[in-house]
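Colleague: sequence and predicted structure, then a few things I'm wondering about:
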Amino acid sequence: MESNTTINRQQHVRITQSVVCIVILSIITAATTGCQKPLFNEKNPRNQFDTYDTLRQQNQQLLIPDEFGNLQPALRARLAPQN
């Protein structure tokens, strides 16, 4: 016959396993369905400087292709001094 403490331990292990499974499933669900659309719309200005440049028709490209055709941030053009 099993003692009372053995039964309590087995129940504790089952409950712990159930909680761990629920936590893992909730993390997987949140990771796969959490971000379906981008946080910021690409059409909206990113900051007040983009709005200023757009109003004066001096806006810079955000991305430029590198020598392999991959799009990279256009930091040199955007951070260069403007006229």
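Modeller: Nice, thanks for sending it over. Being a predicted model, the structure only gives us computed values, none of them experimental.
Colleague: the protein: helices as residue ranges?
Modeller: Under the criterion DSSP state H, helices of the chain are mapped to 4-33, 48-55, 75-79.
Colleague: same list (those helices) but as CSV, adding distance to N41 and mean pLDDT.
Modeller: For every residue, glycine as well, the C-beta is placed using N, CA and C. As requested, the helices of the chain are exported to CSV (distance: least, CB to CB, whole Å; pLDDT from 0 to 100):
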stretch, distance to N41, mean pLDDT
helix 4-33, 21, 87
helix 48-55, 13, 79
helix 75-79, 19, 78
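Colleague: and T5, how close does it get to H12?
Modeller: Taking CB to CB, to the nearest Å as the measure, T5 falls 10 Å from H12.
Colleague: so this structure: which segments form each domain?
Modeller: 1-36, 37-83 (automatic domain parsing).
Colleague: got these as a markdown table, with mean neighbour count columns?
Modeller: A markdown table is the format used below for the domains of the chain (neighbours: other CB atoms under 10 Å):
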| stretch | mean neighbour count |
| --- | --- |
| domain 1-36 | 9 |
| domain 37-83 | 10 |
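Colleague: in JSON lines, list the helices of the chain along with distance to L62.
Modeller: Shown next, in JSON lines, are the helices of the chain (distance: least, CB to CB, whole Å):
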{"stretch": "helix 4-33", "distance to L62": "28"}
{"stretch": "helix 48-55", "distance to L62": "9"}
{"stretch": "helix 75-79", "distance to L62": "8"}
